[in-house]
Every structure is written in structure tokens, then in C-alpha cells.
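> sequence unknown, structure follows:
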Ligand code: KIV
Ligand code: NA
């Protein structure tokens, strides 16, 4: 089918074919996403939590994100690669945003970057696109700035709030974003906003009215410990499978069942005989 391009995404929306996006943070997860035939792989700053163990996305640095992006680039064939710009790496000025995004494109090999919020991010998006860097927007629940949203709660629960989300989305589209993520927005609000947009909308906890869906790799495969968010559906239970595998290995090492003869290397019989003298 060839690599996924911006034209592919526009064609998917026009044909009402759902766009599939998933996060990945390393070489094997990028290979898995490629083999599964998804359209877009996002190196989300959710990696701060899923693979780096921070308790929010706020602390992750540009350099930490770049390690993840480069690993994904090496494992990816087919899907478009989008990289999240981390908190504090783009908000100050257009110049800061361009310098940061250029690193994700030049060093990381990203096809596009994603930034959060409307407001000042609209100007940043416009500047990035003018500098030749494709931008994905992200509205609704924006985890980098959850503190000013009153915490991790859905956004657009009143008509006024939904209108604000819609206003931000349209502003990001007008700034040149090629697609917009809608996170944790009531399904009815999404349904009202999507017709205002001609660019694809990718939802996570935004209901079925979007042009596609995105989930976090570790959430959908059940690699996480703990209760997932409402919008997560688990398609596998890898954490249990991994614990079972490592436990079986530990048991066999302790019992002596592993390693068996077939796991060892041979030696010519005469050389083995000479060892005994
Ligand atoms: O970081 C992330 O994983 C994201 C998606 C949830 C959209 O931003
Ligand atoms: Na993110």
C-alpha cells in the first residue's frame, strides 16, 4: 500500500474510512504497529508515564523524547510518524517551537509533530507550518496543562465549554494543522464539532463521530498495572502474560529444569576427554 501520507489521511476522511492511530515508544512496539497495519504511530509524551515511569507527562525532556522517537523511527515501516513536543519545549515563542520541532524532524526522523491546546498553541502551529513542519493539534483534555483544566476530567461538558473546544479546533485547522486529536470530550459535543472541520479528527475518549481513533499501546495491550481510563478497551493482557513467562523462567532456574542439554554448546568428545586430565 506504500507509506501513509497526508493525502492518504485526507482520502480516508473523504471515503469515511476510519484512521487508526496508536502510540509506540521503542523499536519493537514500532515494528508491531507496522505489522498490524496502523495508519499513524504517535510517539506520545504519554511515554513519560508508560515507559519512563514519571507520574505525569510534564517532566519529560526533549532529549528523553528524542531517544524514543529515534527508536520508533528505526522500527517503523509504513505508518506516518508523529512526535509529541513535550511540555515546556514550544510554548514560549514561535522560535522556540521551530527550534524544538526541527530537532524532532532532523534528529528523530518524525514526519510531523503534535502540540497541545488552542490559545498560544494556535500561533505556534501557524509558525511551524510556515517553517515547513506538519502539525497535529490536540484539544479537549490536554494532559500537559491538566492543572488549569481542573484536573483529568472530560472537557466540553457544557454547551459553552463545547463551543470553546470547537473554537480551538477550528483555529488550529485554520492555522494549518493537518489533523486534530480530540481527547476526553463528550460524544455529543464531538458530534457537534466534527462537521465544522475539514481536517481529520482523531479521537481518544471522544466517541464514534471522529474520523479515527487513537489509543496508548500499553493501555490497549494491557501492559499497565492499575485501572485504565474510561475510554480504554483492553485487547490483550500482556502484563499477566509477561509475569507468567518471567515466573516460569525463575521457577525453572531454581529447580534446575533450565538450562536443558539442548540449550548448551557441544565440544568434540576428544577435547572433552582431555579436560579430565
Ligand atoms: O501522549 C499521548 O499518548 C497522546 C495521545 C493520547 C493522543 O497524546
Ligand atoms: Na501526548
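Thanks, I have the structure now. Everything quoted here is computed from the prediction, not taken from an experiment. Ligands and ions are numbered 1, 2, ... in the order given.
> what secondary structure does the nearest residue to residue 89 once chain neighbours are set aside sit in?
Nearest residue to residue 89, sequence neighbours excluded (Cβ to Cβ, 6 or more residues apart in numbering): residue 100, at 4.4 Å. The way it works is simple: take the backbone N, C-alpha and C, and place the C-beta from them, glycine included. When states are read from DSSP: H, G, I helix; E, B strand; the rest coil, the local structure at residue 100 comes out as helix.
> list the contacts of residue 100.
When contacts are counted by Cβ atoms under 8 Å, 6 or more residues apart in numbering, residue 100 is found next to 62, 85, 89-90.
> from memory residue 65 sits against residue 83, does it?
Yes: in this structure, residue 65 sits in contact with residue 83. The criterion is Cβ atoms under 8 Å, and the distance is 6.8 Å.
> show me what residue 212 bridges to in the sheet.
Listed by DSSP bridges, the beta-bridge partners for residue 212 are residue 19, residue 202.
> for ligand 1, what is the nearest residue in this structure?
For the chain and ligand 1, the shortest gap (Cβ to the nearest ligand atom) falls at residue 44, measuring 2.3 Å.
> and that residue, how many neighbours?
When counting by other Cβ atoms under 10 Å, one arrives at 28 neighbours for residue 44.
> how about it, nearest residue that isn't a chain neighbour?
The shortest distance from residue 44 to any residue other than its chain neighbours is 4.3 Å, reached at residue 23 (Cβ to Cβ, 6+ apart).
> so who does that neighbour touch?
Neighbour list for residue 23: 41-44, 46-47, 50, 214-218 [criterion: Cβ under 8 Å, 6+ apart].
> rerun that using 7 Å as the cut-off
The neighbours of residue 23, taking Cβ atoms under 7 Å, 6 or more residues apart in numbering as the test, are 42-44, 46, 216-217.
> buried set for stretch 5-15?
Buried residues in stretch 5-15, counted by 16 or more other Cβ atoms under 10 Å: 8-10, 12-13.
> can you check stretch 182-190 too?
Counting neighbours by 16+ other Cβ under 10 Å, the buried set in stretch 182-190 is 182-186, 189-190.
> now the helices for the stretch 101-250 of the chain?
With helices called from DSSP state H, counting those that start in this stretch, the stretch 101-250 of the chain shows them at 120-130, 159-174, 187-193, 217-220, 238-255.
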